[in-house]
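> What follows is a predicted structure for the sequence shown.
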Amino acid sequence: MNVAHSTSDSPASGAELAKPRGLPRTHYFSLLWFKTYADLRAEAARTYLNFLWWIVEPVLYMAVFYVVFGVLFKRGDGPEYVPFLLCGLAVWKWFDSTLRAGANAIQMNAALIGQVFVPKAFFPSVTIAQNLVKYVVVLAILLIFLQFYGPGVNTSYLALPLVVFVQFLFITGCTFLLAAIVPFMPDILQMVNYALTLLLFLSGIFYSVDTFPDHYQIFFALNPMVEIIESYRDVLLYERWPDFGALALVAGVSLLIGGLGLWIMARFERVYPRVVL
Amino acid sequence: MSSAFPIVRLDNVGVCFSQRAGLFKRREFWALEDISLNLFQGETLGVVGNNGAGKTTLLKVLSGILEPSIGTYTNPGFRASMLTLQLGFLPNLTGRDNAVLSGMFLGLSRRMVLEKLDAIMEFSELGDFFDQPVRTYSAGMRARLGFSVALEASPDILLIDEVLGVGDADFRAKSTAALKSLIRSDRTVVLVSHNQATVRELCDRLVWIENRVTRMEGPVDEVMESFTGARP
């Protein structure tokens, strides 16, 4: 988030050109915190169930897939299928919800962007923070559920914060990059919807990727969500350590694409208002 | 009232919007073509010009929202922002929460807004409604809250686009008086207005913009005479 003095290298503006001062970066972090709180409250206030929707909505989401894959297609051969499925779905939903909302974050705030200077990275950051809060609730429910229908707490749980953190990095990276380019190419927004639907079925949520022949494995290996979901299952269901090397790779890739997204947003900071209005 | 050196300067500034007009076609549109002006510490600079002359775009360049496509904007680090009412308001939040949110978007720290909340509540005359969701407000009440918050935000350079007062007759008189006293203080202000009486009353100098180009900058009487003389 290059807030105050991004140096412009456009040829027309002299090198000594000083930008109007933005606010200190700490101000936007404090605003991010309050805006996240405000949005979550405002969203909850729209419905009767209020904050209960944070629990009801993911439960309904998972119930839909359970009915289709668990009951109708009888994919599971036994009681282990439900925890297996829920692990994948809960993790997937965090990624899916954040990306769908985050991709459009700058466009959605066009009116605000035209009235006051706000670093553009602020807007996807709000989406990321909101969805993080909701995911914490979902994860808590999942963990409680697994105490009864899974192996429960074991030493591999020590790796859980790391897995959550790597997923957070991956979600943040993807969201920053998408949010940065969508205002310039709004058509991408349409493709994001279908890409996410396709990935839902290709990320090993409803099945274990090990059941596929070797020549498919390369495609699964290219999809970081497969590695992330497998890591959760390693920790929560199979009582073993996740593949730390693979997680480090995902974290590295996430930092790269997130950094690229931040760079684009900072580089075109004052161009976005011309594009989105 | 004003110092000898301009604190902010525009030199031959132009802003080009490029819009999609078809699959691979883009249409260029210059919202500003050649704008130059000086702004001195503590003065109130009026901007006059017909509709579509580029006055609002000029304020967006000064506030740093838009970057000039050509020309230079010299600003050694003053924060300029528009007087914006109801910025970032969320209808489902209370007036109090919206005041904090809006104030923070306008550049006040959370602590500063909280300190000013009593003043905002009092000035807006909302009473118990201050803790009710904004969606239950009438348009006039929303405007009153928006104005009360905007009045408390204090950028180095205040940019005002037409709005001087809001609400019903009583509140309009009160809000206009409050804003006028802010303009007359030693704050640096850029004021866009179509109202000649207002411009003559409040401005120290004027700049006249026509068809996205600066036509004249100077003393109020001189510029006003040329501007009104040029009108059909």
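Yes, it's here. Numbering: from 1, shown residues only, chains lettered A, B, ... in the order given.

> how about stretch B:105-119: buried residues?
Residues B:105-110, B:113, B:116-117 are the ones in stretch B:105-119 that count as buried (16 or more other Cβ atoms under 10 Å in any protein chain shown). For glycine as for every other residue, the C-beta is placed from the backbone atoms N, C-alpha and C.

> and it, anywhere near chain A?
Yes - Stretch B:105-119 reaches chain A (Cβ under 8 Å from any Cβ of the partner chain) through B:105-107, B:109-110.

> tell me the average confidence for stretch A:63-80?
Per-region confidence: stretch A:63-80 scores 78 on mean pLDDT.

> quick one: that stretch to chain centroid distance?
Centroid separation between stretch A:63-80 and its chain, computed with Cα atoms, centre = their mean, to the nearest Å, is 26 Å.

> Not counting its own residues, what contacts it?
A:81-82, A:84-86, A:89, A:149, A:205-207, A:237 (Cβ atoms under 8 Å, 6 or more residues apart in numbering or on different chains).

> Kindly reformat the residues you listed as TSV containing distance to chain B and secondary structure.
Below are these laid out as TSV (distance: Cβ to the nearest Cβ, whole Å; DSSP: H, G, I helix; E, B strand; the rest coil):
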residue	distance to chain B	secondary structure
A:Tyr81	40	helix
A:Val82	36	helix
A:Phe84	38	helix
A:Leu85	35	helix
A:Leu86	31	helix
A:Leu89	29	helix
A:Tyr149	37	helix
A:Ile205	34	coil
A:Phe206	37	coil
A:Tyr207	40	coil
A:Leu237	40	coil
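
> So among those, which ones count as buried?
Here, 16+ other Cβ under 10 Å leaves A:81-82, A:84-86, A:89, A:205-206, A:237 buried among the contacts of stretch A:63-80.

> quick one: contacts of stretch B:199-218?
Residues outside stretch B:199-218 that contact it (Cβ under 8 Å, 6+ apart) are B:1-2, B:14, B:30-38, B:43-50, B:53-55, B:58, B:180, B:183-184, B:191, B:193, B:219-220, B:222-224, B:226-227, B:230.

> The same query, at a cut-off of 6 Å, please.
B:32-37, B:43-49, B:53-54, B:183, B:193, B:220, B:223, B:226-227 (Cβ atoms under 6 Å, 6 or more residues apart in numbering or on different chains).

> Same question for stretch A:53-62.
Contacts of stretch A:53-62 (Cβ under 6 Å, 6+ apart): A:47, A:86, A:89, A:93, A:134, A:137-138.

> And for B:Met121, the neighbour number?
19 (other Cβ atoms under 10 Å in any protein chain shown).

> Identify those among the residues of stretch B:105-119 next to chain A that sit within helices.
Secondary structure from DSSP state H places B:105, B:110 of the residues of stretch B:105-119 next to chain A in helices.

> got the residues of stretch B:105-119 next to chain A as a markdown table, with pLDDT columns?
Compiled in a markdown table, the residues of stretch B:105-119 next to chain A are given as follows (pLDDT from 0 to 100):
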| residue | pLDDT |
| --- | --- |
| B:Phe105 | 94 |
| B:Leu106 | 92 |
| B:Gly107 | 90 |
| B:Ser109 | 91 |
| B:Arg110 | 92 |
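
> And the contacts of the helix or strand where A:Glu43 lies?
Secondary structure assigned from DSSP states H and E places A:Glu43 in helix A:25-45. Identification of contacts with helix A:25-45 by Cβ under 6 Å, 6+ apart yields A:3, A:50-51, A:122, A:125-126, A:129-130, B:90, B:92-93, B:97, B:101, B:104, B:110.

> For the residues you listed, which two are the farthest from each other?
Checked with Cβ to Cβ, the contacts of helix A:25-45 reach their widest spread between A:Val3 and A:Asn50, with 34.9 Å between them.

> In terms of neighbours, single out the busier of these two.
Just comparing A:Val3 and A:Asn50: by other Cβ under 10 Å the higher neighbour count belongs to A:Val3, 21 against 12.

> Point me to the residue of the stretch 151-277 of chain A nearest chain B.
A:Arg270 (3.6 Å; Cβ to the nearest Cβ).

> sec struct for the nearest residue to that residue once chain neighbours are set aside, please.
Counting by Cβ to Cβ, 6 or more residues apart in numbering or on different chains, A:Arg270 lies nearest to B:Glu67, which is 3.6 Å off, once chain neighbours are set aside. Under the three-state scheme (DSSP: H, G, I helix; E, B strand; the rest coil), B:Glu67 adopts coil.

> how deep is B:Glu67 tucked in, by neighbour count?
22.

> again with B:Leu159
Neighbours of B:Leu159 (other Cβ under 10 Å): 23.

> surely it meets B:Leu59?
Yes - with contact defined as Cβ atoms under 6 Å, B:Leu159 counts as touching B:Leu59 (4.6 Å).

> which residues do those two both contact?
B:Met82.

> if we can go back for a sec, of the contacts of stretch B:199-218, just the buried ones, ChimeraX syntax please.
Typed into ChimeraX, the line below selects the buried ones among these, using 16+ other Cβ under 10 Å:
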select /B:32,33,34,35,37,43,44,45,46,47,48,49,53,54,183,193,220,223,227
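
> so where's the chain shaky on pLDDT?
Since no chain was named, I'll use chain A. A:1-22, A:75-78, A:277 (pLDDT under 70).

> looking at chain B here, not the other one
Ranges of chain B meeting pLDDT under 70: B:1-4, B:22-23, B:231-232.
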